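A.B. asks: Here's a sequence, model it:
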Amino acid sequence: MGTTTTTTSLDAGGEDRVMAAAQQIVKSLNTAKEVREDMLLIFSSFDNRLSNITNLIKKDSDSTGVRFDAAEKVILRWDSSSSNPDTSCHSLPWEDSPHEAAEYLSAVDEILKLVVDVSIRSDNEIMDRAEAAVQLAMSRLEDEFRLILIRNTVPLDAEGLYCSIRRVSLSFAVNEGEIDEEFESFGEVDSVRGCFHDRGASLGDDLCVDLINADAVVELKEIADRMIRSGYEKECVQTYSNVRRDALDECLVILGVEKLSIEEVQKIEWKALDEKMNKWILAIKITVRVLLSGEKRLCDQIFNGFDSIKEICFSETAKGCVMQLLNFGEAVAIGKRSSEKLFRILDMYDVLADALLDLEMMITDEFLCSEAKGVLSGLGEAAKGTFVEFENAVKSEASKKPMQNGEIHPLTRYVMNYVKLLVDYSKTLNLLLESDEDEEDDGLQSEDSELETTTPFAKRLLLLISSLESNLEEKSKLYEDGALHCIFLMNNILYIVQKVKDSELGKLLGDNWVRKRRGQVRQYATNYLRACWMKALYCLKDEGIGGSSNNASKVTLKERFKNFNAFFEEIYRIQTGWKVPDPQLREELRISISEKVIPAYRSFMGRFGSQLESGRNSGKYIKYTPEDLENYLLDLFEGSPLILHHMRRKNS
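C.D. replies: Alright, predicted model coming up:
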């Protein structure tokens, strides 16, 4: 009895194992339906325990059919083209019913799973229905994918974004006084009068914005996953890139970037172009650092697991807005060169150079990166060419109208403020200029020892300021008055020295350069004293008076005092109208004059004054005390012409 029980148990266990093997065979067979059925009938003839395998086949087939019919019904329910109004729906379920959306995706998954099932693949009728259902589902999913993308796009909040940006501005006042229209020929100086040059905004490293509502990303990924697994990746990518490309175009509009042809850009007047260049600079920063990095992150989330598709999708999305920005950059690069454009061009070059590093990391499209490099190179050439134009303008500026009061020339103000700002671009300019052979090395030989640095920009800067100094020397020759000639050069050279000394220019040109120019200012001061006061001081010398101090010729003395008074009053009348803007230089000049004139006058008065004071009309000749003269000297170089009204009158 024990033996019988054991045998029965073994038989039952063996039957289970056989049935399990049969089920596995049924699932794994990959042959035509007729062949599969014949093979299974052969199996059933080997052992009575396999007689139920036909039922197994029938049961599996029935189950598959039921599952397919149910999934197909869900797909067809949302067929907007269906002729049955009771089974069609003209809106997709995602927006209003997450449950029905999940049901629809499950139906798609079921059909995709059953399509690879042996029992369906061998049935042409079922396969035709399955392919039709998949095609219909993909059409519906494509529409829904587009709809979710559009409805969940987050508009760019430009104002909020600007508030998150750290503003860094550099003021560039090209003149500290009015620029006469006479000098408009120099680089359109007047057109940039009083403007401010803003190097633009600096973006924080953590700045980012949401491009799509976060809740929609999961839904988008679920749809993209089904479309790609169904072989509809092309439609998926095209839908995504079209919608997101339009969204990025709208972002550029919000940032103030217009779609302009190269011809249109080149016709824009400078003031309007400057504004557009500034907007472009900010747009490049925001587009690459914020928008494209956000798009890259979004593509990574939605197309996670499909690397090649992800790259194609991002490139297609980014291409439109990047090319629009590059087209503007190219238009600027090939446009007319004039000195006021240089800073904006350098800003554009710098921002694109920085952006290119990020673009190359994000975009695998070689064409797009090549285009960006080409525009960057073009902007670099434009910057170099514009710098050369500026150098030539400094050399050739040939206004013939002298500054009436000997003040700082507008050319000096313009150039020094210009180059002072250029120092902020030293790194970029060194990079751009180092590839060029310096054609003017010979011109540097006499000044070469002054340079404490030999960077390409420092050399060009030295040549530029030397050209300015040469131009000023020529302009000083317009003055017939030798003293005013010296005042003009003193004012202008000192202004140049101060701009160099009080900025980064000093580090480039060095202390020796500054010391030499200060020496020039002192020499001009000496020349001024010689040219202006020599005749007046000659009147205070003993030569030609005749006799001793007690027995000098009164006629000669009267003539000397009279001439001195005339010289002094003429100098006072003229030189109170001359302008020395720097208070320290103005004070030093007055002290130098006082040290030369006052002691000589006091000594002359001490030796000969008594001989006239006792006579009639002495006040006609001895008009001023030394203290009077010293006080009157304080009125010189203020830029307001005065006439001397002496108060001293002496009658014997």
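A.B. asks: Report pLDDT for Ala382.
C.D. replies: For Ala382, the model assigns a pLDDT of 96.
A.B. asks: Distance-wise, check the residue lying closest to it once chain neighbours are set aside relative to Ile223.
C.D. replies: Among residues not flanking Ala382 along the chain, Ala333 sits closest, at 4.5 Å (CB to CB, 6 or more residues apart in numbering). From N, CA and C alone the C-beta is placed, and that goes for glycine too. For Ala333, the distance to Ile223 equals 43 Å [CB to CB, to the nearest Å].
A.B. asks: Could I get the contacting residues of the closest residue to Phe145 other than its chain neighbours?
C.D. replies: Once flanking residues are discounted, Phe145 sits nearest to Ile223: 4.7 Å by CB to CB, 6+ apart. By CB atoms under 8 Å, 6 or more residues apart in numbering, the residues touching Ile223 are Leu105, Leu141, Glu144, Phe145, Ile148, Cys236.
A.B. asks: for Val580, same thing?
C.D. replies: Gly406, Ile487, Met490, Asn491, Arg586, Leu589, Phe637.
A.B. asks: Locate the fifth one within the secondary structure: which element?
C.D. replies: Spelled out, it's Arg586. helix 583-613 (DSSP states H and E).
A.B. asks: quick one: buried residues of the helix or strand following that helix?
C.D. replies: Downstream of helix 583-613, the first helix or strand assigned by DSSP H and E is helix 626-633. By neighbour count on 16 or more other CB atoms under 10 Å, the buried set for helix 626-633 is Pro626, Asp628, Leu629, Glu630, Tyr632, Leu633.
A.B. asks: Identify the residue nearest the last one in space, chain neighbours excluded?
C.D. replies: Read it as Leu633. Arg590 (5.2 Å).
A.B. asks: Leu636 versus that neighbour, what's the distance?
C.D. replies: 6 Å.
A.B. asks: joint contacts of these two?
C.D. replies: Common neighbours of Arg590 and Leu636 (CB under 8 Å, 6+ apart) do not exist.
A.B. asks: Any idea how far stretch 330-341 is from the middle of the chain?
C.D. replies: Centroid separation between stretch 330-341 and its chain, computed with CA atoms, centre = their mean, to the nearest Å, is 15 Å.
A.B. asks: right, I mislabeled it, should have said stretch 345-362
C.D. replies: For stretch 345-362, the distance to the chain centre is 9 Å (CA atoms, centre = their mean).
A.B. asks: just stretch 596-607 next, same as before
C.D. replies: 64 Å.
A.B. asks: now stretch 402-409
C.D. replies: For stretch 402-409, the distance to the chain centre is 37 Å (CA atoms, centre = their mean).
A.B. asks: Quick one: residues in contact with that stretch.
C.D. replies: With CB under 8 Å, 6+ apart, stretch 402-409 has contacts from 177, 472, 475, 478-479, 484, 487-488, 491-492, 495, 577-581, 639.
A.B. asks: Now, of these, which are buried?
C.D. replies: Here, 16+ other CB under 10 Å leaves 472, 475, 479, 484, 487-488, 491-492, 495, 577-581 buried among those.
A.B. asks: which two in those are spaced the farthest apart?
C.D. replies: Taking CB to CB as the measure, those span a maximum distance of 20.9 Å, between Leu472 and Gly577.
A.B. asks: could you say which helix or strand contains the nearest residue to Tyr632 once chain neighbours are set aside?
C.D. replies: Excluding the flanking residues, the one nearest Tyr632 by CB to CB, 6+ apart is Tyr572, at 5.9 Å. In this structure, Tyr572 sits in helix 554-575 according to DSSP H and E.
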